[in-house]
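Enquirer: Could you work out the structure for the sequence below:
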Amino acid sequence: MREFNVAILGATGAVGTRLISQLEQSTIPVKSIKLLASAHSAGKTLQFKGQDVTVEEAKPASFEGVDLVLASAGGSVSKKFLPEAVKRGAVCVDNTSAFRMEPEVPLVIPEVNEKALYNHRGIISNPNCSTIQMVVCLDPIYRKFGLKQVIVSTYQAVSGAGQSALNELMEESQQVLNGEKTDPKILPTKGDKKHYQQAFNLLPQIDVFEQDGYYTHEEWKMIHETKKIMLDDMDAKDIKVTATCVRVPIRIAHGETVYFEVADDKATTDQIKQTLADAQGVVLQDDTAHQVYPQPIEAEGKRETFVGRVRPDYENDGSYHMWVVSDNLLKGAAWNTVEIAERLVADDLVRVPDNPYLGFEN
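Expert: Below is the predicted model:
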């Protein structure tokens with residue numbers, strides 16, 4: 001059996017540490033492991049399968065002899081290093097937005113579009129966390145009943161904005177409880193002009209606003225990533241998708257209310273529930289008589305996507321609602337990335353083709 005030399009880029013971050021844990025538990029036969037990060041983190045010691053591993057500063061030469069790269073170090077870092085890794089023969093699974101909308105780069109949720117992996121040119125992208133959990137639930141419905149329209153409102157955990165944002169939430173929460181003033185510096189998004197208190201507050205802005213002010217970039221991503229994954233065309237008109245993304249003051253696991261209209265007018269709520277119950281990676285938690293429904297606090301640390309409150313819309317025939325919850329750092333990031341790598345290994349696709357994608361080559 002072939003064994004693989006694996007590198008984790010961004011190993012010390014919130015997702016990076018989970019990549020290590022998920023890789024430890026995966027079916028991938030690891031021959032050697034490299035943990036790569038910035039110069040600031042170089043020299044730290046982390047563990048892989050009980051063995052100490054020293055974190056190295058990421059450089060182009062770091063990828064010599066590497067077969068598989070799992071990356072979650074920020075878009076600019078991926079743009080800089082992943083083409084270098086591909087040039088040296090590594091296949092890369094990237095958990096940033098750097099390559100998601102590139103036509104040559106597959107955007108993959110293994111339960112939904114594993115076949116897209118066969119067209120990879122050295123880089124595969126992991127979708128946005130909020131997109132993943134919604135599409136895992138929508139795709140089996142689409143395949144069985146068709147879909148006309150999707151309207152999603154998200155309730156996204158602060159960990160989606162990184163460890164520093166999570167730290168800020170905890171500090172603000174204590175300050176509010178102490179009757180002290182807060183001094184936000186990160187949320188709703190570090191790159192924008194103003195920052196607002198997240199503790200005990202809701203922020204209807206995730207990422208920056210698009211130029212027309214209609215969508216935030218997070219909302220834009222949910223719309224166009226959904227279409228690329230399900231319809232293989234980021235601008236497809238076959239399914240209408242609209243999103244409103246809201247940051248909520250919880251640590252981990254996103255919630256989403258999803259309204260969807262099916263094409264099959266003979267579909268029933270029970271059939272849709274059964275379709276979700278049978279779907280790979282989905283757990284149906286739907287028993288309102290006993291107050292059973294998904295909750296972020298219960299989804300934390302789990303790989304599955306949880307769905308409940310599945311019900312018809314009495315005002316619109318053929319339309320339904322559901323409540324979807326998943327750990328944004330696992331299925332929304334680290335686990336989906338490792339799961340892609342597992343499928344690459346299982347399908348013998350850990351090899352760079354003759355026409356590698358080097359769109360960001362310096």
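Enquirer: can we go C-alpha only for contacts and neighbour counts from here?
Expert: Fine.
Enquirer: what about the stretch 251-362 of the chain, any weak spots by pLDDT?
Expert: Applying pLDDT under 70 to the stretch 251-362 of the chain flags residues 360-362.
Enquirer: Tell me which stretches of it form helices.
Expert: Taking DSSP state H, counting those that start in this stretch, the helices of the stretch 251-362 of the chain run over residues 269-278, 296-299, 335-346.
Enquirer: Any chance of those helices in TSV with distance to Tyr155 as columns?
Expert: Converted to TSV, these look like this (distance: least, Cα to Cα, whole Å):
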stretch	distance to Tyr155
helix 269-278	21
helix 296-299	10
helix 335-346	20
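Enquirer: Quick one: closest of the ones you listed to Gln205.
Expert: Gln205 lies closest, by Cα to Cα, to one member of the helices of the stretch 251-362 of the chain: helix 296-299, at 20.0 Å.
Enquirer: elements contacting that closest one?
Expert: When contacts are defined as 3 or more Cα pairs under 8 Å, 6 or more residues apart in numbering; DSSP states H and E, helix 296-299 packs onto strand 319-326.
Enquirer: Does anything pack onto the strand it packs on? Which helices or strands?
Expert: Secondary elements touching strand 319-326 (3+ Cα pairs under 8 Å, 6+ apart): helix 129-145, strand 254-262, helix 296-299, strand 305-312.
Enquirer: Out of the helices of the stretch 251-362 of the chain, flag the one nearest Asn128.
Expert: Closest among those, using Cα to Cα: helix 335-346, at 10.4 Å.
Enquirer: roughly how far is the closest one from the heart of the chain?
Expert: In terms of Cα atoms, centre = their mean, to the nearest Å, the centre of helix 335-346 is found 14 Å from the chain centre.
Enquirer: buried ones in it?
Expert: Trp335, Asn336, Thr337, Val338, Glu339, Ile340, Ala341, Glu342, Arg343, Leu344, Val345 (16 or more other Cα atoms under 10 Å).
Enquirer: can you pull out the strands in the stretch 101-250 of the chain?
Expert: Per DSSP state E, counting those that start in this stretch, the stretch 101-250 of the chain carries strands over the ranges 123-125, 147-156, 240-247.
Enquirer: export those strands to CSV and tack on distance to Asp139?
Expert: Written out in CSV, the entries for the strands of the stretch 101-250 of the chain read as follows (distance: least, Cα to Cα, whole Å):
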stretch, distance to Asp139
strand 123-125, 18
strand 147-156, 9
strand 240-247, 13
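Enquirer: so which of the ones you listed is the most packed in?
Expert: Of all those, strand 123-125 carries the top mean neighbour count, a mean of 26, counting by mean count of other Cα atoms under 10 Å.
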